[in-house]
Structures are given as structure tokens and as C-alpha cells.
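*Asks:* Pasting the sequence and the predicted coordinates here, then a few questions.
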Amino acid sequence: MAENQLYVVATPIGNLADITIRAQEVLEMVDIIAAEDTRHTKRLLNHLGIQKPLLAAHDHNEAFAAGTIVEKLQSGMNVALVSDAGTPLIADPGFHVAKEVADAGFDVIPVPGACAVITALCAAALPTDRFIFDGFLPAKTSGRKQYFASVKNEERTLVVYESPHRILESLKDLQNELGEDKEIVVARELTKTFETFLRGTVVSILATMEADSNQQRGEFVVMIRGALAKKKLDVPQDAIDLVVLLSEELPMKKAAALAAKHTGFKKNQLYQLALEQKE
Ligand code: SAM
């Protein structure tokens with residue numbers, strides 16, 4: 001491994017076995033580790049049997065820490081940056097450090113691993129071809145209402161972080177703004193003993209969580225299914241089903257043309273929607 005580099009190292013979000021081999025090698029190799037909370041990181045390092053000097057780099061001292069890290073790199077050291085859990089800079093400190101280090105002409109090397117957004121998405125069973133990550137929901141109801149109103153017509157899957165103190169209130173605001181039938185997935189305690197995925201309408205998930213206080217504990221990722229594309233709303237499901245049915249006997253293009261004659265909808269639109277449904 002080369003000298004004078006900053007390694008941005010992902011650490012587990014619950015299950016310590018999710019540390020990667022490369023993360024361990026890098027943490028062993030570097031001269032110093034910049035950590036969001038040095039006591040927290042010390043526990044991980046003890047678990048891994050690694051002893052290293054630690055430097056605090058959190059929200060309140062990041063500008064100062066960035067300067068110190070650049071000095072360490074200038075003196076020939078390798079530095080790792082970690083946060084309390086998951087991938088640094090993803091709803092975590094590290095942006096100023098990475099920026100100053102890059103601006104000073106040093107390499108910033110990613111060492112990928114656990115990240116709650118991706119961990120939640122990959123098992124949510126929601127469309128993931130396109131998604132938006134919006135960080136933490138606003139802390140106040142007024143902010144959340146504004147946020148949900150602004151994403152009403154968003155077609156991509158939305159992903160947000162939420163704390164246990166606000167999860168019920170936030171889901172209620174979501175229900176008020178986006179409707180009780182809005183489809184969501186709440187991922188809780190990912191990679192930990194009580195990992196749970198609640199999938200369904202917001203009204204049904206609120207009922208489950210209100211009935212069982214255990215479901216209100218821990219860490220949360222909330223995923224919101226995007227609004228149905230406008231073109232889909234225009235064409236009734238029956239018409240799309242007809243094309244899919246006909247396509248069992250005919251090429252898809254012919255099936256769409258026949259269904260277009262029968263329903264009066266556009267051939268190309270029916271073709272596209274039936275194709276999407278089949279996939
Ligand atoms: N940098 C981290 C990452 O890579 O995901 C996120 C840090 S952010 C300060 C912490 C938030 O991430 C939590 O409040 C929660 O919303 C989400 N989170 C982190 N670990 C989680 C887990 N094991 N299960 C569910 N959500 C988690």
C-alpha cells in the first residue's frame with residue numbers, strides 16, 4: 001500500500017462479522033485512525049486486536065481535525081477515517097476531511113463495507129433501479145410535512161434515516177401527506193439480533209408498530225415506494241394484462257397492436273407497459 005494516503009474505512013452497522021478483510025488490513029497498516037467517537041472506535045479495535053493512536057474527527061471539530069490530518073499526511077503518515085458505524089460521510093462526518101485532503105493533493109481511498117441505506121434497500125423488495133437517499137428526516141413536524149409534500153410525485157424509491165424517538169410521529173406525518181395507502185418498508189436493527197423488515201401500507205405498519213413497543217426500538221431506515229409513473233395511471237391495469245395475455249400466443253408487438261385496437265390506447269404505450277410488467 002502506498003504512503004501518505006487517507007483511507008475512508010467502512011465499519012459494521014451492527015454485526016461485527018461484517019468488517020471486511022481489507023478494512024482490517026488497512027486499520028492495521030495506517031499510522032493513525034481519525035474517529036467520530038474515539039471511545040466507540042476503541043471498542044471495535046479491541047475486538048479486532050488492533051492498537052493504534054486515535055484522533056477525534058467529529059461534527060464539532062472537523063475543520064480543525066482536517067488540518068491535523070493533512071499535517072499527518074504531509075509528514076509521510078497513512079491515515080484512516082472511520083465513523084461510529086457504517087460508511088463515513090454517509091449521514092456522518094468526514095466531508096470536510098475528505099475535501100481538505102483532496103484539495104491538498106493527497107489520495108482519498110475508499111474502503112467499502114456496510115452502509116445502512118444499501119443494506120436496507122437490498123432486502124426491502126422495492127424497486128431499486130433508481131432511488132434517492134435524503135439522509136435524516138427533518139426533526140420537526142413542519143419540516144417533515146414540507147419534505148413529504150415535496151416528494152409526492154417522486155417516482156423513484158425514497159430512502160431516509162429516522163431515530164427511534166421520532167419514528168411514530170414521522171410515519172404519521174408521512175401518512176397525512178402521502179395517504180394511508182402509501183407503500184413503505186421500515187427496516188429496523190439491520191444485521192443485529194432483532195433485525196426486522198415491515199412491508200406494507202403506512203397505515204398497516206403504523207398499526208403493527210403501535211401494537212408492539214418493541215417495534216419502536218432501535219435504528220431505522222424508512223423506504224417509500226415512488227409514485228406510480230403518470231403514464232401508468234393513464235392506462236388501466238386491464239389493458240396491460242390483456243397485452244401480457246395475448247403475448248403468450250403472439251409476439252409482444254402484435255399483442256400490443258391488437259390490444260390497442262380493442263382498447264383505444266396507444267400501441268407503443270401498451271407495448272412498453274406490458275414489457276415492464278413482464279420483466
Ligand atoms: N454512516 C452510516 C451508514 O453508513 O449508514 C449512517 C450513520 S447515521 C449517523 C445513523 C443512522 O443510520 C441511524 O439513525 C439509522 O437511521 C441508520 N442506521 C445505522 N445503522 C443501522 C442499523 N443497523 N439498522 C437500521 N438503521 C441503521
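*Replies:* Yes, it's here.

*Asks:* For the residue of the stretch 1-150 of the chain found nearest the ligand, give me its contacts.
*Replies:* Using CB to the nearest ligand atom, the closest approach of the stretch 1-150 of the chain to the ligand is made by residue 86 at 2.4 Å. All C-beta atoms are positioned from the backbone trio N, CA, C, and that covers glycine. Residues in contact with residue 86 (CB atoms under 8 Å, 6 or more residues apart in numbering) are 10-13, 92, 113-116.

*Asks:* What sits closest to it if chain neighbours are left out?
*Replies:* In this structure, residue 86 finds its nearest non-sequential neighbour in residue 13, 4.6 Å apart by CB to CB, 6 or more residues apart in numbering.

*Asks:* same check, this time on residue 247
*Replies:* If the residues on either side of it in the chain are set aside, residue 247 comes closest to residue 255, at 4.1 Å by CB to CB, 6+ apart.

*Asks:* before we move on, what about residue 205?
*Replies:* Nearest non-adjacent residue to residue 205 (CB to CB, 6+ apart): residue 198, at 4.8 Å.

*Asks:* Residue 171 versus that neighbour, what's the distance?
*Replies:* As defined by CB to CB, to the nearest Å, residue 198 lies at a distance of 10 Å from residue 171.

*Asks:* With neighbour numbers in mind, choose between these two.
*Replies:* residue 171 (24 against 17; other CB atoms under 10 Å).

*Asks:* quick one: contacts for the more buried one?
*Replies:* Taking CB under 8 Å, 6+ apart as the definition, contacts of residue 171 comprise 184, 186, 202, 205-206, 209, 222.

*Asks:* Give the buried residues for the host helix or strand of it.
*Replies:* Using DSSP states H and E, the secondary-structure element containing residue 171 is helix 167-178. For helix 167-178, burial by neighbour count (16 or more other CB atoms under 10 Å) applies to 167, 170-171, 173-175, 177-178.

*Asks:* now, among these, which is nearest to residue 271?
*Replies:* Closest approach to residue 271 among the buried residues of helix 167-178 (CB to CB): residue 178, at 30.7 Å.

*Asks:* just to revisit the earlier point, could I get the buried residues of helix 167-178 as CSV with distance to residue 102 and pLDDT?
*Replies:* As requested, the buried residues of helix 167-178 are exported to CSV (distance: CB to CB, whole Å; pLDDT from 0 to 100):
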residue, distance to residue 102, pLDDT
167, 36, 98
170, 35, 98
171, 39, 98
173, 38, 98
174, 37, 98
175, 42, 98
177, 39, 97
178, 39, 96
